[in-house]
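Engineer: What follows is a predicted structure for the sequence shown.
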Amino acid sequence: MNLFHHYVNADSTLNDTLIQNREILYTGTNGRHVERFYVSPSESYVFKPLTNEEQEGRERWIYEHVLPSLPSIYPGLLDWSDAVTDGGGEWMIFEDLGPLHHIHKEETMLRAIGLVAWWHALPAERFTGLPLRGPKPLIQDMVVELYERKPDVLELCRSLGFSRQQVERIYAQLEHPSFSQQLVLSHGDLHSGNYALSGERLVVLDWEHAHLNIPLWDVYHLIDMSHPLFPRHMTSDLRIRMLDTYLEQLELLGISVDRAVFMLEYGMFAVIFSLWMLLLIHSDLQRIGADVHRNSNKWSKEQLEAQLEATSACLNECAAMMEWGQVQRCE
């Protein structure tokens, strides 16, 4: 340990006297930058200070207690701050995987869903130190919010081209949502920006939100969670292929899941999450509209509108999937 401490100042910033170059990779919610830094033209690393104050200590703990159970699908952790000797704040230094390509072609997405099945198959009792929720409300809490804000949902869906009858039909099916209560290791935030290709190697990034949750959490994030910076195109056919690939991989790992039940539960989960996301995105768009200078917004209006459109398409397709599943169950 302490192999890289000399590159970090006492206040948890990079020591520019020892660094030849640096570039910002992204900025966290607290304004701190995750950066690639070069100590020679051919030697670089990634510096990550604490980017979310609520996650203090979490990612380091996950690297120690969780990720050793997985294959090498994550960047290696090379050094980290010491709570006793480093008083300037938490930081970590990772291996630099080089340029990351967020390519969302079918082949890459099918490979990714297979990895999800792999870590979902690990015994959950290995990870009893993990919390039971991630950065967003639990799915049952989303249902409560959707009922509390039903007038807002109806108005927003109307503006997106849904008829009141369609939305009322969705609400009727959500009166008694039922999901498998099995808990698995969940990445927690597996949107399209948190997995990428490094050459031919598929890597999964940013595990600080790992927690225990039902399998649908990761599956939905990978397949249908939209993101302003990493747009992708999902189709009904590809969605089914990914869900089937997930179930087939679980089967190979000795876990059998009823396909009809799983498909119905996925449709219901995706509808709930997508409705909740539509409210969130709409709120972000309203904030942009109220911000004359637009300096405090993380994403542009155009990016959020594209995300709104993608989430609306998911809602439409997964509502149809949920209805079909309900019909199949009743026959």
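Structural biologist: Nice, thanks for sending it over. From a predicted model like this one, the values you see are computed outputs, not experimental measurements. Numbers count the residues shown, from 1 in each chain.
Engineer: mind checking the longest helix of this structure?
Structural biologist: helix 259-290 (DSSP state H).
Engineer: For it, give the mean pLDDT please.
Structural biologist: Mean per-residue pLDDT for helix 259-290: 94.
Engineer: Any buried residues in it, and which?
Structural biologist: Under the neighbour-count criterion of 16 or more other CB atoms under 10 Å, helix 259-290 has 262-279, 281-282, 284-285 buried. C-beta here means a position set from N, CA and C on the backbone, and glycine is covered the same way.
Engineer: Which strands or helices does that helix pack on?
Structural biologist: Counting contacts by 3 or more CB pairs under 8 Å, 6 or more residues apart in numbering; DSSP states H and E, helix 259-290 is packed against helix 139-148, helix 150-159, helix 164-173, helix 216-224, helix 236-252, helix 301-330.
Engineer: Mind checking what secondary structure the residue most central in space within the chain has?
Structural biologist: Closest residue to the average C-alpha location of the chain: D189 at 2.2 Å, with CA atoms, centre = their mean. Following DSSP: H, G, I helix; E, B strand; the rest coil, the label given to D189 is coil.
Engineer: for the closest residue to it other than its chain neighbours, helix, strand, or coil?
Structural biologist: The shortest distance from D189 to any non-neighbouring residue, by CB to CB, 6 or more residues apart in numbering, is to H209 (4.3 Å). Assigned with three-state DSSP, H209 falls in the coil class.
Engineer: Kindly provide the distance from H209 to T17.
Structural biologist: Relative to T17, H209 is positioned 34 Å away (CB to CB, to the nearest Å).
Engineer: Mind listing what's buried along the lowest-mean-pLDDT helix or strand in the chain?
Structural biologist: Every helix and strand in the chain was compared by mean pLDDT, DSSP states H and E; the lowest is helix 301-330, with a mean of 87. Buried residues in helix 301-330, defined by neighbour count with 16+ other CB under 10 Å: 303-304, 306-308, 310-319, 321-323, 325.
Engineer: so where's the stretch 1-150 of the chain shaky on pLDDT?
Structural biologist: Filtered on pLDDT under 70, the stretch 1-150 of the chain yields the residue ranges 1-2, 84-88.
Engineer: Could you pull out the strands in it for me?
Structural biologist: Assigned by DSSP state E, counting those that start in this stretch, the strands in the stretch 1-150 of the chain fall at 21-27, 33-40, 43-49, 77-80, 91-95.
Engineer: Can you report how many residues lie near the closest residue to N52 other than its chain neighbours?
Structural biologist: Nearest residue to N52 in three dimensions, chain neighbours excluded: T29, at 5.1 Å (CB to CB, 6+ apart). Look at T29: counted by other CB atoms under 10 Å, it has 12 neighbours.
Engineer: what does S198 give?
Structural biologist: Residues near S198, counting by other CB under 10 Å: 14.
Engineer: Let me know the distance separating it from Y38.
Structural biologist: For S198, the distance to Y38 (CB to CB) stands at 18 Å.
Engineer: hmm, back to that, among the helices and strands packed on helix 259-290, single out whichever gets nearest to N52.
Structural biologist: helix 216-224 (17.2 Å; CB to CB).
Engineer: how about D152, what does it touch?
Structural biologist: Residues in contact with D152 (CB atoms under 8 Å, 6 or more residues apart in numbering) are L279.
Engineer: What of the one 3 residues further on?
Structural biologist: When contacts are counted by CB under 8 Å, 6+ apart, E155 touches no other residue.
Engineer: cool, L132 as well?
Structural biologist: L183, H211, L212, N213.
Engineer: list the contacts for the first one?
Structural biologist: In other words, L183. A124, L132, L212, N213, I214.
Engineer: where along the stretch 1-150 of the chain do the helices fall?
Structural biologist: Ranges of helices in the stretch 1-150 of the chain, per DSSP state H, counting those that start in this stretch, are 58-65, 106-120, 139-148, 150-159.
Engineer: Looking at the ones you listed, spot the one closest to H5.
Structural biologist: Closest among the helices of the stretch 1-150 of the chain, using CB to CB: helix 58-65, at 14.9 Å.
Engineer: pretty sure E56 is touching L50, no?
Structural biologist: Yes - the criterion here is CB atoms under 8 Å, and E56 meets it with L50 at 5.9 Å.
Engineer: show me what contacts the closest residue to H120 other than its chain neighbours?
Structural biologist: For H120, ignoring the flanking residues on the chain, the nearest one in space by CB to CB, 6+ apart is V184 at 4.3 Å. For V184, the contacting residues are W119, H120, A121, L122, A124, L212, N213, I214, P215, D218, by CB under 8 Å, 6+ apart.
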